[in-house]
Every structure is written in C-alpha cells, then in structure tokens.
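Undergrad: Just the structure for this:
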Amino acid sequence: MTQTHSASANRIGAAWMVVSMTAFTINDAFMKVLGGEWPLAQSIFVRGIGVVIFMLCLAAALGHLRLRLPRRDWMLIALRGVCEVAAAFLFISAIFNMPLADATAIIQTLPLTVTLAGAVFLGEPVGWRRMTAIVIGFVGVLLIVRPGFDGFSIYSVYALLAVAVITVRELASRQLSPKCPTMLAALGSASFVMVGGGLGSLGSDWVPWTPTAAWAISGAMVTVMVAYFASVATMRLGEIGFIAPYRYSAIVVALLLGVFLFREIPDLPTIIGASLIVATGLFTLYRERRVTAE
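TA: I've put the predicted structure just below:
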C-alpha cells in the first residue's frame, strides 16, 4: 500500500515538474515577445508586481509568513535576492536577443554547476563519474555558445553569467536553516526582483501599453504564477531523485516554441550540445541519488 502510494506520488510530482518547466518556458517566450515592446527593466518590474502579489497570497495560505528567523537566514535571503535580480536581468536580456532553445539549454546546466560548486565551496563529495559528466556537459555548452566562431553571441555569455549567479543562489539556499520556509525565501527573491526592476526603470522612459504588450505581460504574469505554484507542489510530492530529471522537459518546450513561434531552427551543434547537457545532467542526478542511497 505504501509503495503504491509512493509510486502515485512520484507520478503526480513528475507531472507537476513538467507543468512547472512548461510554464516557466512559456513565460520566457512571453517575455521574449515583450522585448520588442518594452524596455527590460519595465518588463521585469510590471511582471514582478503580479508575481509578488501572488506569492504573498500563496505564502500566507501555506502559513509560511514567518518573520522570526535567525539573522543568518535573513542575510541568506538577501543574498538570494541579489542573485535573483542579477539572474533576471541577465537571462531575460539573453532571451530578448538569442534563440529561446539555446538560452534554455544553457540554463539547464544548473544541476552540473550546483554539483561542482557544492564540491568546491561546501566540500560535498563528487566522484570521478560525476566530475566527468560535468566536463562533458560543459563541452555541450561550448557547442551552443561557440566562442570565437561565427555563431557566437555576447548574449550567450549573459546566459552563462545567469547560470553562475543562480548557482550562488542555490548554494545560499542550501545554507538556510530548517526554520526558513521555502516560500518565504522565494517571496523574498521575487520582491528583490520587483524592486530591482522598478529602480532600473527609473533611468529610462516608460513605454505605453500596446495590445501586444498587454497580452504578453498578462501571459507572463499568469504563466510565472502557474510555474511557481507547480514548483511548490512538485517539492511537496514524491522523491526529488525521481522528479528532478523531468526538469529537462523545458528544453523540448523551448525548442517547439522557438520553431513555431519565433522561427528559430536550431543547427546541428546546438542540438548535439543540448543533448550532451541533458544526458550529463540526468547522469549527475542519477549518481547523486545512488550516493545518497548508499
């Protein structure tokens, strides 16, 4: 009975992960459309308003608005917020100016970078198998970025920098005490992003709403809310080791959106690079699950 329930919870959790990754990727597509209408900071700020209101209501409904936390937790929440602001500006700048599937594939190196950073900065054990997978995964990134070749874009570097700051954010998340609810930490990050977008928009003229901007920002708000809700539901169901590999559904969704919405046809090196990232990421997650179980 317990095994049946566990299998059912895993399947539901995996479904929520697919929903979350799909919603995040569709949100990126809406933001890419919005890039032709609004300045970057205005887009981030207006979307942030809807995100913060939604997450505030969700955190309150879950009973996660606990303000009495250790000072160290508040400092880590602030660090996560600063990283989130940098990641938002870097990654959205990237998707404004490069193929959606390429940027999505680069951001999917996170399991690799977090594993490597955990080994370097937190002393977490990483065997030769996972280290080899990390190296191969970064070869996949180079196939997408192609530094020094005609296909190179500075915005690929923006996506890589977004990966770097998100990795720092994840390391900070690992240091939070059990007293800090996940939703409260996420709400803090969303608030930082909203404020960062608002401050950034003060330095540029605001662009009026157009029909395209209206539906794009509305779609971005709705999909990012669905994504956040689904990501919370994912973490509350099933085993992380079983659910985590489904995060790579984002690359499939980004590829389809890129082809049919933006007419972005990936070339062979990009397809090979994305495949290497997915394969090595899956292997890293598998090895981490095996090591934890031993």
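Undergrad: Go ahead and report the secondary structure state at residue 76.
TA: Three-state secondary structure (criterion: DSSP: H, G, I helix; E, B strand; the rest coil) places residue 76 in helix.
Undergrad: my guess is it contacts residue 172, does it?
TA: Yes: taking CB atoms under 8 Å as the definition, residue 76 is a contact partner of residue 172 at 4.8 Å. Bear in mind the C-beta positions are built from the backbone N, C-alpha and C, glycine included.
Undergrad: Who has more neighbours out of those two?
TA: Neighbour tally, residue 76 and residue 172, criterion other CB atoms under 10 Å: the higher count belongs to residue 76, 23 against 20.
Undergrad: ok now do that one, which residues does it touch?
TA: Contacts for residue 76 were tallied using CB atoms under 8 Å, 6 or more residues apart in numbering; they are 172-173, 175-176, 180, 185.
Undergrad: separation between it and residue 25?
TA: For residue 76, the distance to residue 25 equals 28 Å [CB to CB, to the nearest Å].
Undergrad: How far away from the center of its chain is stretch 141-150?
TA: If you compare the mean C-alpha spot of stretch 141-150 with that of the full chain, they lie 22 Å apart, counting by CA atoms, centre = their mean, to the nearest Å.
Undergrad: To clarify, my last question referred to stretch 250-265.
TA: Here the centre of stretch 250-265 is set off from its chain's centre by 17 Å, with CA atoms, centre = their mean.
Undergrad: nearest spatial neighbour of residue 146, skipping sequence neighbours?
TA: Spatially, and ignoring its direct neighbours in sequence, residue 146 is nearest to residue 152 (5.1 Å; CB to CB, 6 or more residues apart in numbering).
Undergrad: Read off the pLDDT value for the one you found.
TA: Per-residue confidence for residue 152 comes out at a pLDDT of 77.
Undergrad: What is the neighbour count of it?
TA: Residues lying near residue 152 (other CB under 10 Å) number 12.
Undergrad: What of residue 50?
TA: Counted with other CB under 10 Å, residues neighbouring residue 50 total 18.
Undergrad: So what does it have for phi and psi?
TA: phi -60, psi -40 (degrees, to the nearest 10).
Undergrad: Verify the stated contact: it with residue 225.
TA: Yes: using CB under 8 Å, residue 50 makes contact with residue 225 at a distance of 7.0 Å.
Undergrad: pLDDT weak spots in the stretch 101-250 of the chain?
TA: Counting by pLDDT under 70, the low-confidence segments of the stretch 101-250 of the chain come to 148-151, 235-236, 238, 240-241.
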